[in-house]
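Enquirer: following is a predicted model, sequence given first.
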Amino acid sequence: MNGDPAFLADAAVATQEKVHRRRRQILIVLFSSLLVVFAGSLFLGRFPAYRFLAGSHSDADALAQRLVWNLRLPRCIVAVAAGMALASAGMIFQTIFANPLVEPGLLSVSQGAAFGAAFSIVAISSSAWIVQSCAALCAFAGLGASYLLARSIRYGGWVLRLILAGIAVSAMFSAGLGILKYMADPLKELPEITFWLLGSLAGMSWTETLSILPAVALGMAYMLAMRWRINVLSLSDEAAHSLGVSVQRERMLLLVAAVVPTAAVISAAGMIGWVGLMVPHIGRRMFGADTRFALPATILLGGMFTLLCDDLARMLLPGEIPLGILTSFAGALVFLILISSKGVRWQR
Amino acid sequence: MNTRLPVSFLMIACGISFLACSRGVHKSQLGSDASGYTVTDALGRKVHFQQPPRRIVIAGRALFMIADALYMFPGVSERIVGMGKTDQGAREFIGRIDPGFRNKVLLLEGAGPEQIASLRPDAAILRSDLSRTTGSSLESLSIPVVYVDLETPAQYSRDLRTLGELLRQSSRAAELVQYYQAGVQRVRDAVAGLPDQRKQRVLLLYYSQSQSAGIFNIPPDSWMQTTMVEMAGGIPIWKSANPGKGWSQVSLEQIFAWDPDVIFMVSYNAKSADVVSRLNTDRDWQAVRALKTGRFYAFAGDFHSWDQPDSRWILGLTWMAQRLYPESFKKLDMIEIVRDFYRTAYGLDDAFFENAVKPILRGEAP
Amino acid sequence: MTGAILRLEELSFSYARDAALVLEDLSLDLPRGGITALLGANGAGKSTLLFLCLGWLRPRAGLVLLHDRPLAQYSRSETGRQMALVPQREHITFDYSVLEYVLLGRVPYLAPLSQPGSADYTIAYSSLERVGLAALARRPVQTLSGGERQLALIARALAQQPRLLLLDEPTSHLDLHNKANLVALVRALHRDGVSIVLTTHEPELAAALATHVVLLDQGRVLCSGPASETLTSEHLGQLYRIPIEVVEFAGRRVVLWS
């Protein structure tokens, strides 16, 4: 290629790079916003009587210091980590299954994790590691069962089959969960299970933070490293294969990278819904379908969203509102706005 | 932006993990001084205090059970600064014996650790099932937490001693434990030597109005209710029928199948006497043998029903035993027992009993 | 190196383990530098054959050889650099821009953990120019018409810079104008030295485009060879079981039926 066509190509590439630069700038803005929200969350709360804990206050007061360091800081970190894990898992699921209505819950990853954690609480032990491992195991079992069941369904496109299978397996896990709740000690175990089914970050300490951080960090590092390649996996099997991708293996690896953090988060914080469904939509709206930018955006947005919801959860009322209720409410609200608005185009 | 992004991400995660580890270490190093004393609580933890706490917070579900136990120690009302929301009966009782009650309750209503902390307590007393949530949060704020169970007679004695240790009133605790043990012994002696054939087959039901018709529940084996029936010399016929660890629903059919000698009806919201009188006229229930023989009793109570692991469980036990074997308890005057209870446990005089307690006594009285 | 870019040796294939064989002992040479049309009725096994060539489907028995080496010996990305598939149609869920979509063709040249660079974008854009869609580079793919989408798929395949281009029923939903466009494009690619294999059930397309034709009838090769030898009245009549007349007209082969 020489002469005019090359010039045109360079011009097109230059435009593309400008677009990318703009996107990166917005990502940096998002990141800074996350930091600001994080810092704000550390100083806002129901202690003392007034909502805001002034800087001077925290220096002089040992209790206030301990509050920020031992209670609020780990909790905020877990909130951000949970939001990031769930949002990115949602994006991975939606891309791989080429369906914007999929979230880990639909394929019974959430229900499986919920069942696993409840089972562990009732029958095995309440120690964090065991609960998490149980949850992860059952999360994968749920995913695997959905997948295998989908293969044996006769009719419909493969996405429909997968969703049907996911609903069936979720229902099984729900039933199992119901039995566990019935058998649980209503004073000791049941409140834990119930509150946890609605999702809550109350009682998050450094121990829990430490227990979910490896899973979340590793899973998300992998997803971030593959952030462009994920696009390919949204194509049909043959097309992806012809592009030189080991379709099954790469999809499987990505799913593992998405499910492990999800299971870890669910086992620690319970079922926090809607983040995995709705935040990827916002990410795509703002940055386009290319997961190279949409994924980091979704991760940042997920962290911010969950952190803000958790702030409300602990500040709105004297008691704790289960986080899952707030994320569902806010998530549904945002979703409604998204659907009904005429497609606000951001940076493209 | 190739691998920079995931790598920097991992590094941030590592940094946070390091921070988490160091904070964890720091927490466990909160050492104890040489002076002061140690309290061993229901979870076997050793909690250190320099002096008896002056700002105690009680939180959690059904905390009136903890409160009723705590108020048996003199001078405790000035030391309590906050209590979670309590039900009507508790308000009636504790409200009467503690003039400052209103201020304490208004502060917290299903509070989280932050709001509890804003009271700056120097001790928190919680049921042990809160250890993983509210308890651990308070502990990470270096607020000493003492856990109690108060669910079985053995635990009750143990936890009374724990509270005594906490308040440096061990002699008072010993007194109370002695009172409870004497009460238990009195019942035991009266029903000792009862051959199995003469033992009454007892059914204890909890009536709850959750749907349009009420439902009847049986307690699990581990609860106070089951233990009390056994201590009173009865046979709890529902034992092993409850698969769960909470109230479990039973049908009228099952009740017929069991064919108990005696039925006790407990109700926390509706008046148990009303429930009993209603069922006595119910055609289906009239066929139950225990109703026909007139051995269908509304469980007694005053501020609270006496079947729960509240301080009044000793009253429930005594009353139940008298219902089951009236011949063995001919000389027992229940009214006197109740009067004595309030005098011994709470230091309340006869005037209090006549004005506050007697009018609200419910259940079958002799 | 033989004159065949892709060779199929005694290929047998069935979809399920104990199902009937769709293809049995099929041997075929696909010539280097030619335009080969796999012609057959619906359900004759054309797409199956294409996917076997691609390596997406695994044969029960037999070998697929690319450049005289078994396909299994190539790494995945190497195969992607040699062969490209243009699927019949593709359901596009997300609103990628055309350029981003075509850029996906650069996957075989990128390590799993790396992102495309400006060189990749340049090649993607050039592919778009080649198929004539350069003006639509920033448009969302979903807004493209059927014909334009087909061209975008071809552009993506071209971004792979393959030696062999596989097209699955490329004209089945195209109108005449777009069909003509596509034929012109394929001829241009042929001139540039790309080997092309396409499946079709339209004898007219084969007649217009192909240098070599393979007639497939229910999983069996009826005949294969240069177009002049295979596209005859009797062969086509045998294949479609209706009277067909192939005539020469104005230097072109015309298929007459009905």
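Expert: Received it, and whenever you're ready, just let me know what you need. Numbering: from 1, shown residues only, chains lettered A, B, ... in the order given.
Enquirer: do you know how far B:Ile116 is from B:Asp284?
Expert: Look at B:Ile116 and B:Asp284: by Cβ to Cβ, to the nearest Å, they are 49 Å apart. Glycine gets a C-beta too; all of them are placed from N, C-alpha and C.
Enquirer: hmm, I was thinking of A:Leu27
Expert: For A:Leu27, the distance to B:Asp284 (Cβ to Cβ) stands at 70 Å.
Enquirer: tell me which element the residue of the stretch 51-200 of chain C found nearest chain B is part of?
Expert: Closest approach between the stretch 51-200 of chain C and chain B, counting by Cβ to the nearest Cβ: C:Ser114, at 5.5 Å. For C:Ser114, there is no enclosing helix or strand under DSSP states H and E.
Enquirer: what do you get for C:Leu85?
Expert: With secondary structure defined by DSSP H and E, C:Leu85 is part of strand C:83-86.
Enquirer: what residues of that strand count as buried?
Expert: Residues C:83-86 are the ones in strand C:83-86 that count as buried (16 or more other Cβ atoms under 10 Å in any protein chain shown).
Enquirer: ok, now stretch B:43-51?
Expert: Buried residues in stretch B:43-51, counted by 16+ other Cβ under 10 Å: B:45, B:47, B:49.
Enquirer: can you tell if the lengthiest helix in chain B touches chain A?
Expert: When chain B is parsed with DSSP state H, its longest helix is helix B:4-28. Yes - using Cβ under 8 Å from any Cβ of the partner chain, we find that helix B:4-28 touches chain A at B:5-7, B:9-10, B:13-14, B:16-17, B:20-21, B:23-24, B:27.
Enquirer: ok, of those residues, which one's closest to chain C?
Expert: For the residues of helix B:4-28 next to chain A, the nearest to chain C is B:Pro6 (8.2 Å; Cβ to the nearest Cβ).
Enquirer: strands along the stretch 151-300 of chain B, start to end?
Expert: For the stretch 151-300 of chain B, strands defined by DSSP state E, counting those that start in this stretch occupy the ranges B:201-208, B:215-218, B:235-236, B:248-250, B:262-266, B:296-298.
Enquirer: which one, of those, ends up nearest to chain C?
Expert: Proximity to chain C (Cβ to the nearest Cβ) singles out strand B:248-250 among those, at 48.4 Å.
Enquirer: buried ones in that closest one?
Expert: B:248, B:250.
Enquirer: how far off centre is it?
Expert: Counting by Cα atoms, centre = their mean, to the nearest Å, strand B:248-250 is centred 21 Å from the centre of its parent chain.
Enquirer: contact partners of it?
Expert: Strand B:248-250 is touched from outside by B:205, B:215-218, B:220, B:238, B:241-242, with contacts defined as Cβ atoms under 8 Å, 6 or more residues apart in numbering or on different chains.
Enquirer: write the ChimeraX selection for whichever of those residues are buried.
Expert: Those of these that count as buried under 16+ other Cβ under 10 Å are selected in ChimeraX with:
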select /B:205,216,217,218,220,238,242
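Enquirer: same list, the contacts of strand B:248-250, but as CSV with pLDDT and distance to B:Trp313 please.
Expert: Formatted as CSV, the contacts of strand B:248-250 follow (pLDDT from 0 to 100; distance: Cβ to Cβ, whole Å):
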residue, pLDDT, distance to B:Trp313
B:Leu205, 91, 18
B:Ile215, 84, 24
B:Phe216, 89, 22
B:Asn217, 89, 19
B:Ile218, 90, 18
B:Pro220, 87, 16
B:Trp238, 90, 19
B:Ala241, 83, 22
B:Asn242, 79, 20
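Enquirer: what about stretch A:11-20 and chain C, touching?
Expert: Yes - residues of stretch A:11-20 are located near chain C by Cβ under 8 Å from any Cβ, namely A:12-13, A:15-17.
Enquirer: for B:Phe49, which non-adjacent residue is spatially closest?
Expert: In this structure, B:Phe49 finds its nearest non-sequential neighbour in B:Gly36, 5.5 Å apart by Cβ to Cβ, 6 or more residues apart in numbering or on different chains.
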